[in-house]
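S.K.: quick one, structure for this:
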Amino acid sequence: MKNFIALLVLLGCCAALNAQTTARRKSGPDCSGGWPTQMAFVKLKNAGLADANSVDLSKTKTERLASQPTETGVWRQVYLVTFAKKSGGSIVVIAMHDASEEECSLTDVDVYVVSQHLSAKK
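M.R.: Coordinates of the predicted model:
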């Protein structure tokens, strides 16, 4: 009976791992907080829109919005990155780049500063 339960647990773990691996293959790597976030900050800094004194980097939030395969092993990814300003408010950008399962930094990051967000009323 113990061997049967151990086998069921092992099969369950294998199934869960396989599901995670399959889901990852379908959506590509998650580079949140890494390459797209870091490069977005560098581009904001180079443009004079932010620096380490004006932004609280510990409160930065990155959300992957889209991940689309472009060719074998390469994913075009789009992220929404929100940098909290120390003075209040935030700087919001859309960051887009190509990544692979092995490397998030296959290409440079295109950064689009969102000047205003028009949301639906709730």
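
S.K.: CA only for contacts and neighbour counts going forward, please
M.R.: Noted.

S.K.: where along this structure do the helices fall?
M.R.: According to DSSP state H, the chain carries its helices in the segments 2-27, 35-46.

S.K.: least reliable of those helices by average pLDDT, please.
M.R.: Of all these, mean pLDDT reaches its minimum on helix 2-27 (a mean of 43).

S.K.: I'd say Thr70 and His97 touch.
M.R.: No: between Thr70 and His97 there is no contact under C-alpha atoms under 8 Å: 11.4 Å.

S.K.: the two: which has the busier surroundings?
M.R.: His97 (20 against 12; other C-alpha atoms under 10 Å).

S.K.: each with direction, which strands does the longest strand anywhere in the chain pair with?
M.R.: The longest strand of the chain (DSSP state E) is strand 55-71. Using DSSP bridges, strand 55-71 pairs in its sheet with strand 74-85 (antiparallel).

S.K.: pull the contacting residues for Lys86.
M.R.: For Lys86, the contacting residues are 53-56, by C-alpha atoms under 8 Å, 6 or more residues apart in numbering.

S.K.: and if you look at Glu101?
M.R.: The contact partners of Glu101, by C-alpha under 8 Å, 6+ apart, come to 28-29, 73-74.

S.K.: just give me the least confident of the residues you listed.
M.R.: Gly73 (80).

S.K.: now do the closest residue in space to it that isn't next to it in sequence against Asp110, distance only.
M.R.: Take Gly73 and drop its neighbours on the chain: the residue closest to it by C-alpha to C-alpha, 6 or more residues apart in numbering is Ser100, 5.5 Å away. Separation of Ser100 from Asp110 (C-alpha to C-alpha, to the nearest Å) stands at 17 Å.

S.K.: kindly report the same for Val78.
M.R.: Distance of Val78 to Asp110, computed by C-alpha to C-alpha: 9 Å.

S.K.: for Val93, same thing?
M.R.: Distance from Val93 to Asp110, counting by C-alpha to C-alpha: 10 Å.

S.K.: find the centremost residue of the chain, please.
M.R.: What sits nearest the mean C-alpha location of the chain, by C-alpha atoms, centre = their mean, is Ser32, with 2.6 Å.
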